[in-house]
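> I'd like to go over a predicted model; first the sequence, then the structure.
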Amino acid sequence: MAGVPPEAHVSLDQLKQIMDEFAKERDWEQFHSPRNLLLALVGEVGELSEIFQWKGEVPKGLLDWKEEEKVHLGEELSDVLLYLVRLSDMCGVDLGKAALRKVQLNAVKYPKKVYEDPSSSTVSPNNTN
Ligand SMILES: Nc1ccn([C@H]2C[C@H](O)[C@@H](COP(=O)(O)OP(=O)(O)OP(=O)(O)O)O2)c(=O)n1
């Protein structure tokens, strides 16, 4: 793959282009329908879940995980991301734009002031009333 960007600077748009090239080079565009991609995405979410299955709660940062476990985790997270990027593209959705818009909607739905107030510390995100 010619245009693989330096790791630290990858964008959703670059991942979109890479997935497009990957599918074209293998003549796999015929298989990358929205439904197929959604099923593939859900399958990868299942593989991601398996990594955490039966472990109980795990500490943030996964400090006690072996390096190979973290590498595996990175692979499954990447599969989810790549299928999500490809699914969005095949549905004609600009994922970056949509995500930024959703972040704005979230901020309106969950106003900062409510959650900044220490007296409201028991308010959960799903119980704003
Ligand atoms: N038709 C396909 C098949 C694969 N991929 C790409 C996207 C994913 O990043 C990765 C998924 O590959 P596998 O189906 O081989 O899944 P895993 O890498 O998880 O392998 P396994 O299920 O054996 O653990 O390859 C794709 O774009 N289109």
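That came in fine, so what should we check first? Residues are numbered from 1 along each chain as shown.
> burial count for residue 85?
A total of 23 residues lie near residue 85 under the criterion other CB atoms under 10 Å. The C-beta positions use only the backbone N, C-alpha and C, and glycine is treated the same way.
> oh, I was asking about residue 98
The number of residues packed near residue 98 is 11, by other CB under 10 Å.
> and if you look at residue 95?
Based on other CB under 10 Å, the number of other residues close to residue 95 is 19.
> how about residue 82, nearest residue that isn't a chain neighbour?
With sequence-adjacent residues excluded and distances taken as CB to CB, 6 or more residues apart in numbering, residue 82 is closest to residue 19, at 5.9 Å.
> who touches that neighbour in this structure?
With contacts defined as CB atoms under 8 Å, 6 or more residues apart in numbering, residue 19 is in contact with 82, 85-86, 89.
> can I get those in JSON lines with secondary structure?
Rendered in JSON lines, the data for the contacts of residue 19 read as follows (DSSP: H, G, I helix; E, B strand; the rest coil):
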{"residue": "82", "secondary structure": "helix"}
{"residue": "85", "secondary structure": "helix"}
{"residue": "86", "secondary structure": "helix"}
{"residue": "89", "secondary structure": "helix"}
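> retrieve the pLDDT associated with the residue nearest in space to the middle of the chain.
For the chain, the residue whose C-alpha lies nearest the mean C-alpha position (CA atoms, centre = their mean) is residue 81; its distance is 4.4 Å. The predicted local confidence for residue 81 comes out at a pLDDT of 98.
> wouldn't it be in contact with residue 18 here?
No - contact between residue 81 and residue 18 fails when scored by CB atoms under 8 Å: they sit 11.4 Å apart.
> where's residue 37, which helix or strand?
For residue 37, the element it lies in under DSSP states H and E is helix 34-52.
> what is that helix packed up against?
helix 67-90 (3 or more CB pairs under 8 Å, 6 or more residues apart in numbering; DSSP states H and E).
> appreciated, that's everything.
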